[in-house]
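*Asks:* the following comprises the amino acid sequence and a computationally predicted model.
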Amino acid sequence: KAGVTQTPRYLIKTRGQQVTLSCSPISGHRSVSWYQQTPGQGLQFLFEYFSETQRNKGNFPGRFSGRQFSNSRSEMNVSTLELGDSALYLCASSSGGAGTGELFFGEGSRLTVL
Amino acid sequence: AQSVTQPDIHITVSEGASLELRCNYSYGATPYLFWYVQSPGQGLQLLLKYFSGDTLVQGIKGFEAEFKRSQSSFNLRKPSVHWSDAAEYFCAVAPQALTFGSGTRLQVQP
């Protein structure tokens, strides 16, 4: 069974640009959650999508958005990038939803903003 | 709101020694509790979980954790640490999404 796949693994952007990250969940999982990991703030919840609907949202500005497709693949977008957006972005899939806590994580997309 | 505190930022143990990583949570009702491990450059892997029932739970890689409601704790233990256990360990609480603690970095000395 294939795991959670995140692309791209590494990317470099400059301030003001936008970025789109992709996540393919484990087959059969309908929930996809996104987390931002930084040395200073740790792991912070961005949002969760379940069957194409945003079910939960963390405390991030509107520049951070996401969506989920009918095949459960998810994308997150960050517009007008700031230096502080440099982080490891982790995607996790679950059959029952993020509230069950049983999440399967991808290896992450490491974003560097210059 | 739910929250998790991991008081130890960094712990060093000798290979073969026992390990205990501390975790305290805050949640109004009975929480769902988890321990995850993250190796360098990797995503997180679930070690074990507590939903209800027996307060001592067994996980993968020889880890166990004990839920103590009176102390609002869910400490992770391993009787004998291996060099491959060096990683960062995160305690987490649900069911309001999944909230992580700040992590404890474990270093294993030969």
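*Replies:* Sure, I can see it.
*Asks:* for the rest of this, base every contact and every neighbour count on C-alpha atoms.
*Replies:* Noted.
*Asks:* low-confidence stretches in chain B?
*Replies:* For chain B, applying pLDDT under 70 flags no range at all.
*Asks:* residues in it within reach of chain A, list them.
*Replies:* Within reach of chain A by Cα under 8 Å from any Cα of the partner chain, chain B has these residues: B:32-34, B:41-46, B:49, B:92-103.
*Asks:* buried ones among those residues?
*Replies:* Among the residues of chain B next to chain A, those buried by neighbour count (16 or more other Cα atoms under 10 Å in any protein chain shown) are B:32-34, B:43-46, B:49, B:92-103.
*Asks:* residue numbers of chain A in contact with chain B?
*Replies:* Residues of chain A lying close to chain B (Cα under 8 Å from any Cα) are A:41-45, A:56, A:90, A:98-108.
*Asks:* again, only using 7 Å
*Replies:* Residues of chain A lying near chain B by Cα under 7 Å from any Cα of the partner chain: A:Gly42, A:Leu43, A:Ala98, A:Gly99, A:Thr100, A:Gly101, A:Phe104, A:Phe105, A:Gly106, A:Glu107, A:Gly108.
*Asks:* quick check: which element contains the second one?
*Replies:* Assignment of secondary structure by DSSP states H and E places A:Leu43 within strand A:42-50.
*Asks:* which strands or helices does that strand pack on?
*Replies:* When contacts are defined as 3 or more Cα pairs under 7 Å, 6 or more residues apart in numbering or on different chains; DSSP states H and E, strand A:42-50 packs onto strand A:31-38, strand A:53-57.
*Asks:* okay, the ones you listed, which one's buried deepest?
*Replies:* Highest mean neighbour count among the helices and strands packed on strand A:42-50 (mean count of other Cα atoms under 10 Å in any protein chain shown): strand A:31-38, with a mean of 24.
*Asks:* distance between that one and the chain's centre?
*Replies:* In terms of Cα atoms, centre = their mean, to the nearest Å, the centre of strand A:31-38 is found 4 Å from the chain centre.
*Asks:* leaving out sequence neighbours, find the closest residue to A:Gly96.
*Replies:* Nearest residue to A:Gly96, sequence neighbours excluded (Cα to Cα, 6 or more residues apart in numbering or on different chains): A:Ser31, at 6.9 Å.
*Asks:* what is the burial count for A:Gly3?
*Replies:* Residues lying near A:Gly3 (other Cα atoms under 10 Å in any protein chain shown) number 15.
*Asks:* ranges for the strands of chain B?
*Replies:* B:3-5, B:10-14, B:19-21, B:24-26, B:32-38, B:44-50, B:56-58, B:64-68, B:73-78, B:87-94, B:99-100, B:104-109 (DSSP state E).
*Asks:* paired strands for the shortest one, with orientation please.
*Replies:* For strand B:99-100, sheet partners with direction are given as strand B:87-94 (antiparallel), following DSSP bridges.
*Asks:* and the angle from the strand it pairs with to strand A:42-50?
*Replies:* 50 degrees (axes from the mean of the first three to the mean of the last three Cα atoms, to 10 degrees).
*Asks:* most centrally placed residue in the chain?
*Replies:* Using chain A here. A:Trp34 (3.2 Å; Cα atoms, centre = their mean).
*Asks:* right idea, wrong chain: chain B
*Replies:* Nearest to the mean C-alpha position of chain B, counting by Cα atoms, centre = their mean, stands B:Trp35 at 3.9 Å.
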